[in-house]
Structures are given as C-alpha cells and as structure tokens.
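Asker: dropping the sequence and predicted coords here.
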Amino acid sequence: MKLLQLNNLSKWYGEVIGLNDVTASVSAGVTGLVGPNGAGKSTLMGLAVGQLRPSKGSIRVFGENPWNNPRVLGRVGFCPEGDPFWPNLTGHRFVSTLAAMSGLGGSNRGEAVLRAIDRVDMREHMNRPIRTYSKGMRQRIKIAQALVHEPDLLVLDEPFTGTDPVGRHELSQLLRSLAGYGVSILVSSHVLHEVEALTKQIILIDHGRFIAEGSVQDVRRRMHNRPHTIRVRVDHPRALAIRLAGVNEVGGLRILDDQTIVVETRTPEAIYDRLPDLILNNHDIVYEVAATDETLEALFGYLVDRSA
Amino acid sequence: MRPMLALFRLTVRQTLVQRQIWFGVLLLVSPAAITILIRYFGSPPSAEAQWERYHGPAQVLLIDIGIPLLCMLNGIALIASETESRTIIYLLTRRMRRATVLLVRFVAVALVLAVLSELSMIAHHLCATVGVPPPATGSLAWRPNDALVGYLVVIPVAVVTFLAVFTAVGLILTRALSISIIYLIFFEMGLGNAPITGRVYTITHQLRLLSVDLMPNVKRFFQLPPAVREAVFPAGATGLFALTAVVVISLLIAGILISVRELLPAKTPAPV
C-alpha cells in the first residue's frame, strides 16, 4: 500500500494557493520534500497529519482520510516546524505527556519515553524546563515526542532548522537508523544538501506543484534539454581540453582556472567511458571528476527556472 | 481513556500556571475581602442586613461578575491559547477525536474554575458567619448553612454554563474577547439585572432562578411576579433546565466547529 496518495489535491488559503492540483503517491521509505519557502511543503504536511482539509481532491494516509481520524493519527508521528511548546514543562514531562496521549501507559510508557529521549541524545537535559533549551535541543525534543509511540510514518517539517552541523549530522544518522527499522519518513527542508544527505528519494515542490519526483539522478536524466556538466581537475587542463574537443559527445568546454575544466555533454556516460584513456594518454594527474549538476541544488535551480 | 486522562492532567496544570489565573484568584477573594472590611468598619447589621451582607458579595462579586469574567477569559482561550502557541498541533495529532480534545479540556478547566470558586465561596461564608450571632428563627429566616449549600450548587452550574458559552464564542468569533466583554456588560450585567421580561433570556437571571429554587427561604428577595415566570417557563421548569439547555447547545456548536474547522494557522504560501 502507498503511504500517501494525493488525488487532484488542492489547498487554497483565500486567494493564495498552497497546493495546486497534485496527483501523486509517496511510497514507504525516506522521502525528502524540497522547495523554497512558501512552496507548499508545510501545507502538504498539514494535510498529511490531518491538520488541514483539502480545498479540492483528496489525500489518503495508509489508505484513509487523516482528518479527525485517530486510527491514522495513531500511526503517524509529527514534528512541526517552529517552537510550539508548553515552556514550563520539562523535556521528559513533555514527551511523557504526549506519549500518554498516544495511548502508552504504565512501565511501557516510561521505557518508551526514555528510549525516545536517548535516541535524540537528550537524557542529560530531560529534567530541565523546555524554556531553558537551546534551539537545537528544542528541535531534538520535538523529534523525541514524534517517535515516542513508534509510528509507522514520521512526518518532519524542517527538522534541521536551528541545529548546528554536528547536530545535523547526528539527526541525519538518527533518521537513517529509524528508516533501517522500517519507519517511513517524510522530511521537508529548503536546505537541499541536508535532504540529499539523507535520501535519494525526493519530491521537488514549487508554487504548490510537484515539479519532479524520484532520485536526483533519475530526475536529472529526464531533463534532456539541459546538458550535463562534468568538472575535471587535472594538472594540465588545456592539454586535456584539446583532446576532449575531438570527442563527438562533447557539447562545450570551459577552462575555469589552471587546474579545472568543465565539460558539457548530453551523454555523460560516453564522456565517463572516454575520460580515463584521454587522461592516461596525456600522462596527467587527476584530482577530481565530478558531475556538478547532479546535486539537488543544481537540479532545483534548473527546474525552478523552467517552471518560472 | 489514557489519552484523555493525560490531556486532562496537562490542561489542569496549564490552567493553574497561566498568568490570568492570578487575576482570577484576586477576583475570587474579593467577596471574602469585602465582607471582612464591612464587618470591621461597618455598623452592626439588622437581621435583614445580615442576609444582604452575606448575599451581596456572593451574588454580585462572585456569580454576577467574578465567575463570568473568569469563564470568559478561560473559555475563549480554551482552544485559542493552544492555537496561538501552535501547541494545538500536538493535541490534534494524537489518538483522540477533535471533539474529545475539546470536551476533555472543557471538563478540566471547568473543574479548576469550579474548585477555585467554591473555595472562594467557603472563604466568604466563613468571613461572614464566624463570630456572628445566629439569625432569628422562622420560616423565612436566613439560614447561613442552607444558603452556603445553595451557593455551592449554583457556583459550579454558573461556571459550566458561562464556560460553555464562551468556549463556543471563542470558536465562532475571531474577535471573541471584545464581543464577549460587550455581551457581558450589556446583556448579562445590564439586561440580566433590569426589571423587564427580557431578562429571562440571560444566564444571570437563570442562575438567580436556580438560587431561588435551591434556597426557598430567600424567595422573598428574588421572586419574580408569578405571571411573568409562568409565561416564560412552563410549570415545573426551573433555571436548571434552561441552563442545561444552554450548556448542551453551546458544547454541541463548539464540538461541531472544532471537528470541521482547521485550527493550524496558515503560513505564507506563494501567491497565485
């Protein structure tokens, strides 16, 4: 069964649009929802966790309408964006109260709460009031409440916001380990490399529309009208450029500096096949060969340009 | 049941730590405080004034002003406070229906306010009666303990009724506070105390009718002309009947609204 099914889903806020006639489905696993601010990410998440109602069309989570549906909501953990807290509660009480509201009780609850707090590495600070927490700690305790009842689907709205690089790395590892236990995760971010580091399965969203879905490489391959660019760093870029100029598949060449050359092509596989020979024949030393536009950032730039 | 108990405990805790509870406590200690002032600085009362000194602060400061104001602040904020802080998201993404969330929060807040108001009434009663000679006997004489029992029944009814009304108002209106203040001043305090037939439509008046039903020996202070009362209420109907209807209708409206309405504040989506 599909995790999320969206059928002609639209959401308007008066005259502004949140989601615009989206038909799609999201499978189990980790899915990144990427788009600029105001693209519709939080709207989609609000719809998925039953906080918003579609203006048109429908959304199904585990095959059911999530609005006012305890059966669905009991299987979903939601980490909202921002700082919604009861600031006088301690981190432990916050997670424990929400665990109880998810139906956990007795010693099971105590164990589940500590397990969730341990997973986000907050045991040391759990007895302090949340109002004394740093932004990163708040982010982590929010994630603890989302996973305390061991949901089948974890919906995380901008979970990396406010976390430092170490915290971001730890959070990515936590999410990957949860995915390893079979938890499906829908995670949004407007910072592309964070999502890219977490999953290859992405949905690019802009102006309320899904502009691309799939892995970064798949989406890039489908964009035939854009040449791929490959950056090569060698000791003698000019000599390599001369050799590359004779290759049919090369569409363009640019020498960026005294070590770097950028190759444009519509068939990158052919270039990757030929490059070793060309470099070896040149007796050159290679420092780097990288596809510069198969990053999520580059892809997003192309797609948003095109959709605009 | 467990999710409901957890929400109940959370709501009680949040109600007791919020700042406006101190305003409420101040409001609720005012009957006892005024009674003490009158006892120490006023002249010795006649038999009838003894009752008025007991009834005045309890009825006016507690039931007519204190409880409605407190219920207004808490009723409007019952859902709105969680919506403003966005913590409503946590409550509405758990294993509970939206109407259940509303009902549990309503019961928790009503319980807190009722207990505080009852304590206030008991304090007022002690301040008014301790050390005062017992009133004269007779069928219409003031019996302080009967009056206390009567008030201890009226007070939770007042809390539940006003809280239900303002909970519904908080969900219906966007400018609930200003409209509620206008409603309290002109409708409940104004019309509710005016000597005209229209006052039967106010909660204040219905609470008085209930007081009269519960304290028959003080009927002479509150009794409506029988023709008026009979015209509005069929024989046997009491204030309790009307107040129950108000509570049921208000909670029904609030329950329907929370079940169909989005409470998550919209962010800033891109314009069309």
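Answerer: All right, it came through fine. Numbering: from 1, shown residues only, chains lettered A, B, ... in the order given.
Asker: can we go C-alpha only for contacts and neighbour counts from here?
Answerer: Will do.
Asker: least trustworthy helix or strand in the chain by mean pLDDT?
Answerer: Reading this off chain A. helix A:296-307 (a mean of 65; mean pLDDT, DSSP states H and E).
Asker: chain B, not that one
Answerer: None of the helices or strands of chain B scores lower by mean pLDDT, DSSP H and E than helix B:219-222, at a mean of 51.
Asker: CA atoms only: put stretch A:274-290 into PDB for me.
Answerer: In PDB, the C-alpha atoms belonging to stretch A:274-290 read as follows (Å, rounded to 0.1, in the frame of the first residue of the first chain):
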ATOM      1  CA  ARG A 274      36.400   8.100 -22.700                       C
ATOM      2  CA  LEU A 275      38.000  10.100 -19.900                       C
ATOM      3  CA  PRO A 276      40.300   7.500 -18.400                       C
ATOM      4  CA  ASP A 277      42.000   7.000 -21.800                       C
ATOM      5  CA  LEU A 278      42.300  10.700 -22.600                       C
ATOM      6  CA  ILE A 279      43.800  11.400 -19.200                       C
ATOM      7  CA  LEU A 280      46.200   8.500 -19.300                       C
ATOM      8  CA  ASN A 281      47.300   9.400 -22.800                       C
ATOM      9  CA  ASN A 282      48.100  12.900 -21.500                       C
ATOM     10  CA  HIS A 283      50.100  11.400 -18.600                       C
ATOM     11  CA  ASP A 284      48.200  13.800 -16.300                       C
ATOM     12  CA  ILE A 285      47.400  13.600 -12.600                       C
ATOM     13  CA  VAL A 286      43.700  13.700 -11.800                       C
ATOM     14  CA  TYR A 287      42.400  15.300  -8.600                       C
ATOM     15  CA  GLU A 288      38.700  15.200  -9.200                       C
ATOM     16  CA  VAL A 289      36.000  14.100 -11.700                       C
ATOM     17  CA  ALA A 290      32.500  15.200 -10.600                       C
END
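Asker: what sits up against it?
Answerer: Stretch A:274-290 is touched from outside by A:Ile230, A:Arg231, A:Val232, A:Arg233, A:Val234, A:Asp235, A:His236, A:Ala239, A:Leu240, A:Arg243, A:Leu244, with contacts defined as Cα atoms under 8 Å, 6 or more residues apart in numbering or on different chains.
Asker: so who does the closest residue to A:Val148 other than its chain neighbours touch?
Answerer: Spatial nearest neighbour of A:Val148, excluding adjacent residues (Cα to Cα, 6 or more residues apart in numbering or on different chains): A:Ala116 at 5.2 Å. A:Ala116 makes contacts with A:Ala144, A:Gln145, A:Leu147, A:Val148, as judged by Cα under 8 Å, 6+ apart.
Asker: quick one: the first one from A:Arg93, how far?
Answerer: Separation of A:Ala144 from A:Arg93 (Cα to Cα, to the nearest Å): 12 Å.
Asker: again, but for the last one
Answerer: The spacing between A:Val148 and A:Arg93, counted by Cα to Cα, is 12 Å.
Asker: next one: stretch A:175-189 to chain centre, how far?
Answerer: 10 Å (Cα atoms, centre = their mean, to the nearest Å).
Asker: and the helices in the stretch 101-250 of chain B?
Answerer: B:144-172, B:176-182, B:203-214, B:219-222, B:226-232, B:239-260 (DSSP state H, counting those that start in this stretch).
Asker: nearest to A:Val72, out of those helices?
Answerer: Comparison of the helices of the stretch 101-250 of chain B against A:Val72 by Cα to Cα identifies helix B:239-260 as nearest, at 15.8 Å.
Asker: for the closest one, output the C-alpha coordinates as PDB.
Answerer: What follows is helix B:239-260, C-alpha atoms only, in PDB (Å, rounded to 0.1, in the frame of the first residue of the first chain):
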ATOM      1  CA  GLY B 239     -33.400  27.700  35.900                       C
ATOM      2  CA  LEU B 240     -31.500  24.400  35.800                       C
ATOM      3  CA  PHE B 241     -33.500  23.300  32.800                       C
ATOM      4  CA  ALA B 242     -32.700  26.400  30.800                       C
ATOM      5  CA  LEU B 243     -29.000  26.400  31.900                       C
ATOM      6  CA  THR B 244     -28.600  22.700  30.900                       C
ATOM      7  CA  ALA B 245     -30.000  23.600  27.500                       C
ATOM      8  CA  VAL B 246     -27.500  26.400  27.100                       C
ATOM      9  CA  VAL B 247     -24.600  24.200  28.100                       C
ATOM     10  CA  VAL B 248     -25.700  21.400  25.700                       C
ATOM     11  CA  ILE B 249     -26.300  23.700  22.800                       C
ATOM     12  CA  SER B 250     -23.000  25.600  23.300                       C
ATOM     13  CA  LEU B 251     -20.900  22.500  23.600                       C
ATOM     14  CA  LEU B 252     -22.700  21.000  20.600                       C
ATOM     15  CA  ILE B 253     -21.800  24.000  18.500                       C
ATOM     16  CA  ALA B 254     -18.200  24.100  19.800                       C
ATOM     17  CA  GLY B 255     -17.900  20.300  19.200                       C
ATOM     18  CA  ILE B 256     -19.100  20.700  15.600                       C
ATOM     19  CA  LEU B 257     -16.900  23.700  14.900                       C
ATOM     20  CA  ILE B 258     -13.700  22.100  16.200                       C
ATOM     21  CA  SER B 259     -14.500  18.900  14.200                       C
ATOM     22  CA  VAL B 260     -14.800  20.700  10.900                       C
END
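Asker: so between A:Val148 and A:Arg93, which is more surrounded?
Answerer: Using other Cα atoms under 10 Å in any protein chain shown, the more surrounded residue of A:Val148 and A:Arg93 is A:Val148, with 25 against 18.
Asker: show me the contacts for the more buried one.
Answerer: The contact partners of A:Val148, by Cα under 8 Å, 6+ apart, come to A:Val95, A:Ala99, A:Ala112, A:Val113, A:Arg115, A:Ala116.
Asker: one more pass at 6 Å, please.
Answerer: The contact partners of A:Val148, by Cα atoms under 6 Å, 6 or more residues apart in numbering or on different chains, come to A:Ala112, A:Val113, A:Ala116.
Asker: got the phi and psi for A:Ile205?
Answerer: The phi/psi pair for A:Ile205 (degrees, to the nearest 10) reads phi -130, psi 140.
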